[in-house]
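Trainee: Pasting the sequence and the predicted coordinates here, then a few questions.
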Amino acid sequence: MTDVIRDDPLPTNPTAHAPQGGQRGRERIKGVFSTQEVKKVGTGTTTRKTIQKGFWYAEESEKGDVEVQPLNNNYIPSGPKRRITMDELLEKFAPEPEFYVQTVFPRMRELNKTVARADRHRQKGETFSAEYEYGNALQVDEENVRANFGLGLTYLSRGETGKADDIFERLVKLEAAFDEEHKHLFNEFGINLRKNQMFDQAVTYYSRALELTRKDENLHLNMARAMLEKKDFAGTVEHILKALELNPAIDAGIKFLQWMQAKKLVPAEQQDVVREALARIAGGGKAAASADTGGGGS
């Protein structure tokens with residue numbers, strides 16, 4: 001699998017654009033905004049008010065709502081994102097264009113360059129250089145998805161399953177790890193968990209993905225392969241059938257189910273439903289669809 005790497009995926013014009021209403025053709029809002037919260041400190045006669053200022057990276061979507069993410073102590077967008085309306089942004093958030101241009105944007109760009117260098121080292125098999133650069137990135141943003149995936153893949157390529165397991169524990173807690181934009185890394189990581197015989201982790205990983213992502217037949221097939229390695233044949237069949245329910249034409253699922261039947265691995269209680277599924281397939285034709293690997297848990 002080939003990763004697509006861009007050294008600087010950030011905008012070339014780092015401006016926190018002021019809201020312009022809904023005019024057609026205007027640039028979507030992207031930049032740093034702040035909020036203020038008044039809090040009371042102390043009790044009785046010692047009570048005083050303090051103002052806490054928070055900084056957020058905000059980006060407007062094509063639909064017109066806005067995704068905001070807090071800045072960490074290194075002024076990098078990090079942590080959980082949430083969606084707000086444009087009205088809420090205008091009412092509760094104040095633009096900080098100078099802070100974005102002078103501080104946040106340069107740090108975001110440098111972080112992305114660091115991760116890109118690490119990715120290139122990993123793809124060349126230079127695992128220790130990759131580990132070093134991923135480590136640098138994680139010192140700035142410990143929740144950086146690309147850096148966590150990259151470091152985990154680096155450890156797996158060296159067979160360091162203990163260190164990889166630590167990264168796995170971190171990744172399954174990060175909802176952003178399962179976003180569509182990280183799908184190539186997500187898939188590669190899951191495949192390598194299986195190849196390193198980390199089958200329990202692979203099952204947990206795919207279970208978490210199925211909780212967070214939209215219905216995806218390939219996820220069910222990958223879960224089926226992990227369960228096959230654990231000799232959980234009922235679970236294997238269950239997820240193959242779910243994949244075929246979502247996409248009856250997925251060739252990898254059809255072949256996988258046929259392979260399970262030919263190898264006599266289908267539990268007795270699932271024989272009838274498998275025969276019915278295969279009969280429907282035989283009667284309805286099929287079209288090829290791609291998945292992680294071919295059937296049979298290879």
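Mentor: It's in.
Trainee: Please make it C-alpha for all contacts and neighbour counts, starting now.
Mentor: Noted.
Trainee: Quick check: buried residues in the longest helix seen in the chain?
Mentor: Taking DSSP state H as the criterion, the chain has its longest helix at helix 105-123. Buried positions in helix 105-123, judged by neighbour count with 16 or more other Cα atoms under 10 Å: 105, 107-109, 111-122.
Trainee: before we move on, what about stretch 33-53?
Mentor: By 16+ other Cα under 10 Å, the buried positions in stretch 33-53 come out as Phe33, Ser34.
Trainee: Also stretch 67-76?
Mentor: Buried, per 16+ other Cα under 10 Å, within stretch 67-76: Glu67, Val68, Gln69, Pro70, Leu71, Asn72, Tyr75, Ile76.
Trainee: Please name the residues that touch the residue of the chain most remote from its centre.
Mentor: Most distant residue from the mean C-alpha position of the chain: Thr45, 49.8 Å away (Cα atoms, centre = their mean). Under the criterion of Cα atoms under 8 Å, 6 or more residues apart in numbering, Thr45 has no neighbours.
Trainee: Please verify my assumption that Met260 contacts Val266.
Mentor: Yes - contact between Met260 and Val266 holds when scored by Cα atoms under 8 Å: they sit 6.0 Å apart.
Trainee: Common neighbours of these two, please.
Mentor: Common contacts of Met260 and Val266, defined by Cα under 8 Å, 6+ apart, comprise Val237.
Trainee: what number of residues lie near Leu89?
Mentor: 20 (other Cα atoms under 10 Å).
Trainee: buried stuff in the helix or strand where it lies?
Mentor: Using DSSP states H and E, Leu89 sits in helix 86-92. By 16+ other Cα under 10 Å, the buried positions in helix 86-92 come out as Met86, Leu89.
Trainee: Then stretch 192-199?
Mentor: Asn192, Leu193, Arg194, Lys195, Asn196, Met198, Phe199.
Trainee: what is the rounded mean pLDDT of that stretch?
Mentor: For stretch 192-199, mean pLDDT rounds to 96.
Trainee: Then stretch 225-237?
Mentor: 97.
Trainee: For that stretch, which outside residues touch it?
Mentor: By Cα under 8 Å, 6+ apart, stretch 225-237 touches 194, 199-200, 202-203, 223-224, 257, 260, 265-267, 270, 296-298.
Trainee: Would you agree Pro248 falls within a strand?
Mentor: No - in this structure, Pro248 is coil, not part of a strand, as judged by DSSP: H, G, I helix; E, B strand; the rest coil.
Trainee: That one reaches Ile281, doesn't it?
Mentor: Yes - at 7.4 Å, Pro248 and Ile281 qualify as touching, with contact defined as Cα under 8 Å.
Trainee: Look up the closest residue to Asn192, ignoring the ones flanking it.
Mentor: Leu156 (6.7 Å; Cα to Cα, 6 or more residues apart in numbering).
Trainee: Point out where the chain drops to low pLDDT.
Mentor: For the chain, applying pLDDT under 70 flags the ranges 1-25, 44, 285-298.
Trainee: Spell out the residue ranges of the helices in it.
Mentor: So, for the chain - with DSSP H - the helices run 86-92, 97-99, 105-123, 127-140, 145-157, 161-171, 183-195, 199-212, 217-229, 233-246, 251-262, 271-284.
Trainee: quick one: which of those is nearest Ile51?
Mentor: Closest to Ile51 of the helices of the chain, according to Cα to Cα: helix 86-92, at 14.5 Å.
Trainee: Distance check, the residue nearest to Asn192 against Lys264.
Mentor: 33 Å (Cα to Cα, to the nearest Å).
Trainee: Which one's more surrounded, these two?
Mentor: Set Leu156 next to Lys264 and count neighbours by other Cα under 10 Å: Leu156 wins out with 21 against 11.
Trainee: Pretty sure Thr127 sits against His121.
Mentor: Yes - counting by Cα under 8 Å, Thr127 does reach His121; the two are 6.5 Å apart.
Trainee: the more surrounded of Pro248 and Ile281?
Mentor: In this view Pro248 and Ile281 are compared by other Cα under 10 Å, and Pro248 has more residues nearby, 21 against 15.
Trainee: Cool, thanks, signing off.
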